[in-house]
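>>> Got a predicted structure plus its sequence, pasted below:
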Amino acid sequence: MNFNLTATIVFVGLFLFVTWVGFIAAHWRKADLNQLHEWGLGGRRFGTIVTWFLLGGDLYTAYTFIAVPALVYGVGAMGFFAVPYTILIYPILFLVFPRLWVIAKREGHVTAADYIRFRFNSRALALAVAVTGLVATMPYISLQLIGMEVVIGALGFPTEGFTGHIPLIIAFVILAAFTYTSGLRAPALIAVVKDMLIFITIFAAIVIIPAKLGGYGAIFDAVPKAKLTLAPPIGNSLGNYSAYITLALGSACALFLYPHSMTGILSASSGRVIRRNAAALSAYSFVLGLIALLGYMAIAARVDQNPLHADGFERYGANFAVPALFLDMFPSWFVGVAFAAVAIGALVPAAIMSIACANLFTRNLYKEYWRPSCSDAEEARVAKIVSLVVKVGAVVFILAIPKSYAIQLQLLGGIWIIQLLPPILLGLFTRGFHAHALLLGWAAGTAVGTYMAATRGFVSSIYPLEVLGLTVPGYAALYSVLVNFLVAVALSPVLDRLWPQRELLDQRSNRR
Amino acid sequence: MTTKARTGSPWRYWPRLLLIVPFALVGWVPLYNRIEPRLFGVPFFYWYQLAAIIAGAAVVMCVYYLDQRQTRAAERGPRAGDTDEGAGPGARP
């Protein structure tokens, strides 16, 4: 790969600009950042528009922008499951999370585990929720680095050895510094820049690239027929059909349980802001759908035939498809804009994820188990330090351990995080569930889901479930959360006899 | 949280039943797993799902407005429900 000077100058310029934005964010809607809800939730004051940018920047990550088209480039139609997935998240967001927001605001909750602790009065269940959140989010932060690494490599920087990691380390030091000083205000403000860059890049891409390749018809004609649709099931199996829709549904159920999504939701200024965004955020889904199609554009443009890209494909695999496409199709300066969009698109979620982890650790481990009487200022200070530790951890993880581990752990993370659905959903909408039953359900779901992924060697999360002689391949997260629900429903009445706690829970449930 | 209207009439929330529509649009894969008819050269599988994003957003928006109307109809004066707390219609950006 040749070093691309023009693109690098634009890239570095935009990066410096968002660094500046990240630091001035501390003065935006000035408040005492020594309070955890100010540092870690932006004071719960983000209105409809800021929340739109923040959640958009949070949920549609750099890794998504690289990996979804890479999947479409590699396997075709199956990679498009990201579209029904992002359709289904919004009815769920609309129905469930405004209610959680109201309680969190009233009780001063900063994390999902705070809510569970309050609602079920169970330290064990809250611990399970907190640890699951932490474990599921850490590899997700590392994945953001992969997105960033691909574009830095595509700019022509050497990526071998320690010197090769320097650009990435600099980027993360910057990220760590502004997150430390500005808290959630930094990613919220940077998200505005990031989303604008992404929108500009994608609209340029869907106009310029088809024009160069002879229109959409020509692009789809260049794709092998077998990739264009899902292979119809054969024999006694639902094949790709059930896999496709369970992946979409399971991912949709899991998304808002991630600590970083929760942080984005709880930082909104009202339940109404969340409901409005359940409609407005679809704009990002549409952009994601278009981004997915970049995978086919890369096939039609024959990026893999270009000898300049051989090195990149060897190093990054299909993840190099979109950067290669941009290098072939755009003038150098615009390549800089597009790559900056991806890199900044990694900073925003990485910042929010590290803040979410810091909130979880501080509230639900440090304060709960070590320093129950710690002051607000100490709480905020610990959270800031933890956000640094989390980022160092993510960098070390990605540099020291093969990337495939990060991807596999993230895949497991999806299976683990969805196990929080029963406690949160049943906590918000029912009265009688017993904390111990939910804890056992969580344990059973986690175990079953992990087992299902293990049978597939941790490379796929599609488990071929046998039901009455019919094979139903489906997303292990969805199957395992059903087990979780069943255990909770079955054991709740039994445990309630043994350890009655109805009265307290009725008081805390928000039904009637 | 505990508003009288909520206990009084669960039908206040009927618009939310419409949220089943996005699930119905994409839930049955064989419905859209086909190439023809194309739209501007884009196979059905792709343009259908892109259109479903817009349809889904339209449904959620409708539910939001119907919800607001039901809420206003159900209650007059100050309220403590979960739809209205915090920012007003012109929530600051």
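Now that the structure is in, tell me what you want to look at.

>>> A:Gly432: neighbour count?
By other CB atoms under 10 Å in any protein chain shown, 14 other residues sit near A:Gly432. C-beta: built from backbone N, CA, C; applies to glycine.

>>> which residues sit in contact with residue 34?
All of this refers to chain A. A:Asp376, A:Ala377, A:Ala380, A:Arg381 (CB atoms under 8 Å, 6 or more residues apart in numbering or on different chains).

>>> Can you look at chain B instead?
By CB under 8 Å, 6+ apart, the neighbours of B:Arg34 are A:Thr229, B:Pro43, B:Phe44, B:Phe45.

>>> Now name the helix or strand holding the residue nearest to the spatial centre of chain B.
The residue lying closest to the centre of chain B (CA atoms, centre = their mean) is B:Val60, at 2.0 Å. For B:Val60, the host element (DSSP states H and E) is helix B:44-74.

>>> in that helix, what counts as buried?
B:44-53, B:55-57, B:59-61, B:63-64, B:67-68, B:70-71, B:74 (16 or more other CB atoms under 10 Å in any protein chain shown).

>>> Ok, stretch B:15-26 next?
Within stretch B:15-26, the residues that count as buried by 16+ other CB under 10 Å are B:Pro15, B:Leu19, B:Val21, B:Pro22, B:Phe23, B:Leu25, B:Val26.

>>> Helix or strand for A:Leu465, just tell me which one.
Assigning secondary structure by DSSP H and E places A:Leu465 in strand A:462-467.

>>> after that strand comes which helix or strand?
Later in the chain than strand A:462-467, the nearest helix or strand by DSSP H and E is strand A:470-475.

>>> now the next helix or strand after that next one, how far from the chain's geometric center?
Downstream of strand A:470-475, the first helix or strand assigned by DSSP H and E is helix A:476-498. Helix A:476-498 sits 26 Å away from the centroid of its parent chain (CA atoms, centre = their mean, to the nearest Å).

>>> Low-confidence ranges, the chain, go.
Using chain A. A:1-2, A:159, A:161, A:501-512 (pLDDT under 70).

>>> my question was about chain B
Across chain B (using pLDDT under 70), the flagged ranges come out as B:1-9, B:76-93.

>>> at 50 instead, please
Low-confidence regions of chain B, defined by pLDDT under 50, span residues B:1-7, B:78-93.

>>> what does the stretch 151-300 of chain A put close to chain B?
Selection of the stretch 151-300 of chain A residues close to chain B by CB under 8 Å from any CB of the partner chain yields A:215-221, A:225, A:228-230, A:232, A:240-242, A:244-245, A:248, A:269-273, A:275-276, A:278-280, A:282-283, A:285-286, A:289-290, A:293.

>>> picking up where we left off before, from the chain's centroid, how far away is the strand holding A:Leu465?
On CA atoms, centre = their mean, the centre of strand A:462-467 falls 26 Å from that of its chain.

>>> what's the answer for stretch A:479-499, then?
Centroid separation for stretch A:479-499 versus its chain: 29 Å, with CA atoms, centre = their mean.

>>> Which residues does that stretch contact?
Here stretch A:479-499 makes contact (CB under 8 Å, 6+ apart) with A:246, A:250, A:253, A:415, A:418-419, A:421-422, A:426, A:432-434, A:436-438, A:440-442, A:444-446, A:448-449, A:452, A:463, A:465, A:502.

>>> Quick check on the residues you listed: which are buried?
A:246, A:250, A:253, A:415, A:418-419, A:421-422, A:426, A:433-434, A:436-438, A:440-442, A:444-446, A:448-449, A:452, A:463, A:465.

>>> looking at it, A:Ala340 is touching A:Leu14, isn't it?
Yes. Using CB atoms under 8 Å, A:Ala340 is in contact with A:Leu14, at 3.9 Å.

>>> phi, psi of A:Gly47?
phi -80, psi -170 (degrees, to the nearest 10).

>>> what's the burial count for it?
Neighbours of A:Gly47 (other CB under 10 Å): 20.

>>> how close does it get to A:Ala268?
8 Å (CB to CB, to the nearest Å).

>>> and what of A:Glu38?
15 Å.

>>> Neighbour count for these two, which is higher?
Of the pair A:Glu38 and A:Ala268, A:Ala268 is the one with more neighbours under other CB under 10 Å, namely 32 against 21.

>>> Bridge partners for that one, pull those for me.
Bridge pairing for A:Ala268 (DSSP bridges) gives the partners A:Phe46.

>>> check contacts around it.
A:Arg44, A:Phe46, A:Gly47, A:Thr51, A:Trp101, A:Ile274, A:Asn277.

>>> Would you agree the fifth one is in contact with A:Thr263?
No. Under the criterion of CB under 8 Å, A:Trp101 lies out of contact with A:Thr263, with a separation of 11.9 Å.

>>> Neighbours of the closest residue to chain B within the stretch 351-500 of chain A, how many?
Across the stretch 351-500 of chain A, no residue is closer to chain B than A:Leu428, which sits at 10.6 Å (CB to the nearest CB). Residues within reach of A:Leu428, counting by other CB under 10 Å, total 19.

>>> Kindly report the same for A:Tyr73.
A:Tyr73: 28 neighbours (other CB under 10 Å).

>>> and it, what element?
Going by DSSP H and E, A:Tyr73 is in helix A:62-75.

>>> Setting the sequence-adjacent residues aside, check what's closest to A:Val193.
A:Val18 (5.5 Å; CB to CB, 6 or more residues apart in numbering or on different chains).

>>> For chain A, see how far away the nearest residue to B:Gln70 once chain neighbours are set aside is.
Leaving aside its sequence neighbours, B:Gln70 sits nearest to B:Arg12 (CB to CB, 6+ apart; 5.0 Å). Going from B:Arg12 to chain A by CB to the nearest CB, to the nearest Å gives 14 Å.

>>> pretty sure B:Arg12 contacts B:Thr71?
Yes. Counting by CB under 8 Å, B:Arg12 touches B:Thr71, with 7.4 Å between them.

>>> residue closest to the middle of chain A?
Central residue of chain A (CA atoms, centre = their mean): A:Leu59, at 5.2 Å.

>>> Just give the number of residues close to A:Arg99.
Using other CB under 10 Å, A:Arg99 has 16 other residues around it.

>>> Likewise for A:Lys367?
Neighbour tally, A:Lys367, other CB under 10 Å: 18.

>>> which one is it nearest to, not counting chain neighbours?
Counting by CB to CB, 6+ apart, the residue nearest A:Lys367 is A:Cys374, at 5.7 Å.

>>> Is that neighbour in a helix, a strand, or coil?
coil (DSSP: H, G, I helix; E, B strand; the rest coil).

>>> Return the residues in contact with it.
A:Tyr366, A:Lys367, A:Val382.

>>> run the last query once more with 10 Å
By CB atoms under 10 Å, 6 or more residues apart in numbering or on different chains, A:Cys374 lies in contact with A:Thr362, A:Tyr366, A:Lys367, A:Ala380, A:Arg381, A:Val382.

>>> any idea which of those residues is closest to A:Ala476?
Among the contacts of A:Cys374, A:Thr362 lies closest to A:Ala476 (CB to CB), at 31.5 Å.

>>> Report the contact partners of the closest one.
By CB under 10 Å, 6+ apart, the contact list for A:Thr362 reads A:36, A:40, A:110-111, A:368, A:371, A:374, A:378-387.

>>> how about a cut-off of 6 Å?
A:Glu379, A:Val382, A:Ala383 (CB atoms under 6 Å, 6 or more residues apart in numbering or on different chains).

>>> Other residues contacting the helix or strand that contains the last one?
Taking DSSP H and E as the definition, A:Ala383 sits inside helix A:376-400. Contacts made with helix A:376-400 from outside it, assessed by CB under 6 Å, 6+ apart, are listed as A:34-36, A:39-40, A:141-142, A:145, A:165, A:172, A:176, A:179-180, A:354-355, A:357-358, A:361-362, A:366.

>>> still on that earlier bit, so of the contacts of B:Arg34, which two are at opposite extremes in space?
A:Thr229 and B:Phe44 (8.8 Å).

>>> if I look at the two, which residues touch both of them?
Between them, A:Thr229 and B:Phe44 share no contacting residue under CB under 6 Å, 6+ apart.
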